[in-house]
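Trainee: Output the structure for:
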Amino acid sequence: MDSSEKITNEELVKAMALLKEKNTPDTQRNYIANVVKAKFLIPAKMEKKPDKNEKGEPLTRGRVKVNFCVITNAEKKSFLPVFTDAAEMAKGNYEDAEKVIITYPDLANMVLASKGALSGIAINPHGEGFMVPTELVVDLEKNKKSNANKSNIKKNALPANMNIKLRTPKYMPIDMMEAASKLMAEDADVKCAYLQMMDKEDGDEEYLIAVDTDGDEAVLFNALMPVIRPHSFGINIALTNVKNGLGAKVAEIAEPFYVKES
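Mentor: Have a look, this model is predicted:
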């Protein structure tokens, strides 16, 4: 059996089917989790290099150059086409290309190294078609490189003279919000909570969680720290109360991710 025939990605195929059937935070997480551990097939054309250099000296290395195929959509954006199995690759016109087995980390490196020339990864583009855009590749790479030993939570560490911009995160930290919600549901003083991303003037970014509570916020924040820290993807977190200026602004522009049941 050809080694490419062993590539089936059954779990990823199931995850893609679930995501198509019902697009929820859980199916999104399941999809991404299976993408990053998958082995794909990618079409590539082999270009044989000369046996000798310009001086006529024999070459013993680098005899073949691998050129990976790229596809372009109607918006003229380029993607790496990859396939969950040989049958999916056969749906495209790759008769003159080899089937090369490639992992997600290698694909991510190629996308990042393109410096914007590639807009992401296209999975089974001639079938159902699922995307991993460059923005998501970048975010996943940041998460992977996060230092687990570094404290990534800041509490009320917001200098008064700091210029910041609030925005909704591109990819919401669903696990973090769920963990925070579960803990806050046990605190009778917590009414609701909001989340935004802070873009700071020094180029850094942090999650900002604003909590509407009448209780002791220091006790609440200290309880939240170990709960939300494992789900922050290495991104710093600031905690604040909606009763101060910044917290009030968050409550004004964002929908709450947690509201106490009445």
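Trainee: the strands in this structure, which residues?
Mentor: 39-48, 64-68, 71-72, 78-82, 98-103, 120-123, 130-133, 153-155, 164-167, 190-200, 205-213, 236-241, 258-259 (DSSP state E).
Trainee: Turn those strands into a markdown table, including mean pLDDT.
Mentor: A markdown table is the format used below for the strands of the chain (pLDDT from 0 to 100):
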| stretch | mean pLDDT |
| --- | --- |
| strand 39-48 | 85 |
| strand 64-68 | 74 |
| strand 71-72 | 92 |
| strand 78-82 | 95 |
| strand 98-103 | 90 |
| strand 120-123 | 95 |
| strand 130-133 | 92 |
| strand 153-155 | 45 |
| strand 164-167 | 88 |
| strand 190-200 | 92 |
| strand 205-213 | 92 |
| strand 236-241 | 89 |
| strand 258-259 | 95 |
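Trainee: could you dump those strands to a markdown table with distance to K6 and mean neighbour count?
Mentor: To be clear about C-beta, it is placed using only N, CA and C from the backbone, and glycine gets the same treatment. Output for the strands of the chain, formatted as a markdown table (distance: least, Cβ to Cβ, whole Å; neighbours: other Cβ atoms under 10 Å):
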| stretch | distance to K6 | mean neighbour count |
| --- | --- | --- |
| strand 39-48 | 9 | 17 |
| strand 64-68 | 20 | 11 |
| strand 71-72 | 25 | 12 |
| strand 78-82 | 16 | 22 |
| strand 98-103 | 9 | 16 |
| strand 120-123 | 18 | 23 |
| strand 130-133 | 21 | 18 |
| strand 153-155 | 44 | 16 |
| strand 164-167 | 44 | 15 |
| strand 190-200 | 42 | 20 |
| strand 205-213 | 41 | 23 |
| strand 236-241 | 42 | 22 |
| strand 258-259 | 45 | 18 |
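Trainee: looking at the ones you listed, which is closest to S181?
Mentor: strand 258-259 (4.2 Å; Cβ to Cβ).
Trainee: what comes into contact with that closest one?
Mentor: M177, A180, S181, M184, A185, V190, K191, C192, A193 (Cβ atoms under 8 Å, 6 or more residues apart in numbering).
Trainee: Quick check: the gap between the residue lying closest to the last one once chain neighbours are set aside and I228.
Mentor: Once its chain neighbours are removed from consideration, A193 has its nearest residue in Y258; the separation is 4.3 Å (Cβ to Cβ, 6 or more residues apart in numbering). The gap separating Y258 from I228 is 12 Å, by Cβ to Cβ, to the nearest Å.
Trainee: Now for those two: what residues contact both?
Mentor: With Cβ under 8 Å, 6+ apart, Y258 and I228 have common neighbours A180.
Trainee: Please report how far the residue nearest to I71 when sequence neighbours are not counted lies from V13.
Mentor: Distances taken as Cβ to Cβ, 6+ apart put P81 closest to I71, at 4.8 Å, once the chain neighbours are dropped. For P81, the distance to V13 (Cβ to Cβ) stands at 17 Å.
Trainee: What of Y94?
Mentor: From Y94 to V13 the distance is 20 Å (Cβ to Cβ).
Trainee: Check E141 too.
Mentor: E141 is 24 Å from V13, by Cβ to Cβ.
Trainee: between those two, who's got more neighbours?
Mentor: Here E141 and V13 are compared on neighbour count by other Cβ atoms under 10 Å; more neighbours surround V13, at 18 against 15.
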